[in-house]
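Engineer: Fold the following for me, if possible:
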Amino acid sequence: MTLAALGWNDHFARAFAPHAAEGCLPGRVTLELKGYYEVTGEFGAKLGACSGKFINTARAQADFPAIGDWVAVTPQEGEETRVHIHAVLPRRTKFSRQAAGLEEIEQVVAANVDTVFLVSALDGNYHLHRLERYLAAAWASGARPVILLNKADLAEDEATAVPAEIATVAPDVPVFVVSAKTRRGLKALAPYLTPGATVALLGSSGVGKSTLINRLVGENLQDTGDVRDVDGKGRHTTTQRELLVASDGFIVIDTPGMRELQPWDAAAGVDAAFGDVAALTARCRFRDCTHTVEPGCAVQAALADGTLDPARWQSYLRLGRATAHEVRRVDRAAQQQHKSHHKKLTKSLRQRVREKSGEE
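Structural biologist: Next up, the predicted model:
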């Protein structure tokens with residue numbers, strides 16, 4: 001497989017030049033495994049592991065390779081199917097989230113994505129507030145968001161009403177009503193599926209991401225499963241992140257359904273998703289304007305003259321509150337962990353002092 005077929009371009013070639021001088025080869029992470037990565041390049045598909053130097057110099061989890069990353073590798077001596085990963089090339093885009101759990105850790109879900117297909121379903125899965133969070137995360141990634149409303153064959157009445165509702169909060173984001181089952185609307189996605197372009201499908205479990213991939217690629221590359229009748233959720237047929245190259249030349253990344261979606265740089269995502277609103281708030285007379293009763297409030301003026309839709313303003317406030325709540329949650333969790341660690345340390349020291357006193 002050629003590098004161009006994997007999405008290689010002049011940007012990555014320039015970034016790779018120093019590594020080429022050291023005898024490294026370029027490859028792209030096409031599969032994430034436990035502690036290992038499948039790296040694909042002109043040398044084929046190899047099993048990659050980070051070198052000791054890489055591990056020792058990595059400062060955070062986000063520094064390690066993620067699906068879609070371009071990496072610099074060398075063959076492992078005596079191992080024809082294995083390579084050492086020495087570096088991750090600078091990412092053009094990255095889809096990051098707050099990792100599940102209490103610790104404040106950035107988790108890169110997909111890297112170097114051109115278009116993010118945000119997949120929702122019209123069979124009861126669709127929820128505007130959840131979609132707003134996905135939009136904020138997509139904008140923060142640097143990739144272009146496109147909304148896919150799947151399973152139109154199950155909810156024909158929603159095929160018109162839902163896109164109209166989405167337009168009130170994301171007027172500049174393309175929305176496509178599709179059906180992976182009947183192939184409805186899939187041809188309209190062709191402008192995003194060009195050779196060398198990378199798309200990622202993101203959405204909660206059960207929305208039909210794997211089935212959509214099979215339809216777009218034209219092969220049954222991804223296992224699919226029925227949706228549970230009890231809660232409308234999928235059976236988690238996608239269990240790992242994987243990069244696939246379609247016969248038409250485009251590249252697609254599939255990810256497991258994300259139960260906890262909290263964009264890593266949520267504030268930046270909100271400002272990006274609501275750029276028009278953020279611009280208005282910057283024009284207020286007072287920097288600490290609450291956008292309620294202050295004179296010279298640009299937001300209230302825009303609401304009054306109709307240039308700002310009240311629904312969009314409420315969406316901006318709602319997403320901002322959710323972001324602030326998550327920040328407070330993580331901070332509280334970190335504080336609690338610190339207090340717990342301090343108590344355990346103090347108890348351990350006291351125990352050692354008592355034991356030492358007893359010996360004496």
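Engineer: and F64, how many neighbours?
Structural biologist: By the criterion of other CB atoms under 10 Å, F64 has 16 neighbours. Glycine gets a C-beta too; all of them are placed from N, C-alpha and C.
Engineer: for G7, same thing?
Structural biologist: Using other CB under 10 Å: G7 sits among 23 other residues.
Engineer: Likewise for H19?
Structural biologist: Neighbour number of H19 under other CB under 10 Å is 18.
Engineer: could you measure it against A72, distance?
Structural biologist: 4 Å (CB to CB, to the nearest Å).
Engineer: got any residues that touch both of the two?
Structural biologist: Common neighbours of H19 and A72, using CB atoms under 8 Å, 6 or more residues apart in numbering, are P26, H86, A87, L89.
Engineer: Of the residues you listed, keep whichever come out buried.
Structural biologist: P26, H86, A87, L89 (16 or more other CB atoms under 10 Å).
Engineer: for the nearest residue to the first one once chain neighbours are set aside, helix, strand, or coil?
Structural biologist: Yep, that's P26 we're talking about. In space, and not counting its chain neighbours, P26 is closest to F16: 5.2 Å by CB to CB, 6 or more residues apart in numbering. Here F16 is recorded as helix under DSSP: H, G, I helix; E, B strand; the rest coil.
Engineer: Likewise for S120?
Structural biologist: Classified using three-state DSSP, S120 is strand.
Engineer: I'd guessed it sits against Y126; true?
Structural biologist: Yes - the pair S120 / Y126 is scored as a contact, 4.7 Å apart, by CB atoms under 8 Å.
Engineer: wait, which of the buried ones among the shared contacts of H19 and A72 is closest to K34?
Structural biologist: Proximity of these to K34 was ranked by CB to CB; the top entry is H86 with 20.7 Å.
Engineer: which ones among the buried ones among the shared contacts of H19 and A72 are found in strands?
Structural biologist: P26, H86, A87 (DSSP state E).
Engineer: my guess is the second one contacts S51, does it?
Structural biologist: Right, the one you point to is H86. Yes - if you go by CB under 8 Å, H86 and S51 touch, sitting 5.3 Å apart.
Engineer: Run a quick neighbour tally on the residue lying closest to R318 once chain neighbours are set aside.
Structural biologist: Nearest non-adjacent residue to R318, counting by CB to CB, 6+ apart: H129, 6.7 Å away. Using other CB under 10 Å, H129 is surrounded by 11 other residues.
Engineer: Same check on R183?
Structural biologist: 11.
Engineer: give me every residue that touches it.
Structural biologist: R215.
Engineer: mind running it again at 10 Å?
Structural biologist: Contact partners of R183, counting by CB atoms under 10 Å, 6 or more residues apart in numbering, are R215, L216.
Engineer: List the backbone torsions phi and psi for it.
Structural biologist: phi 70, psi 10 (degrees, to the nearest 10).
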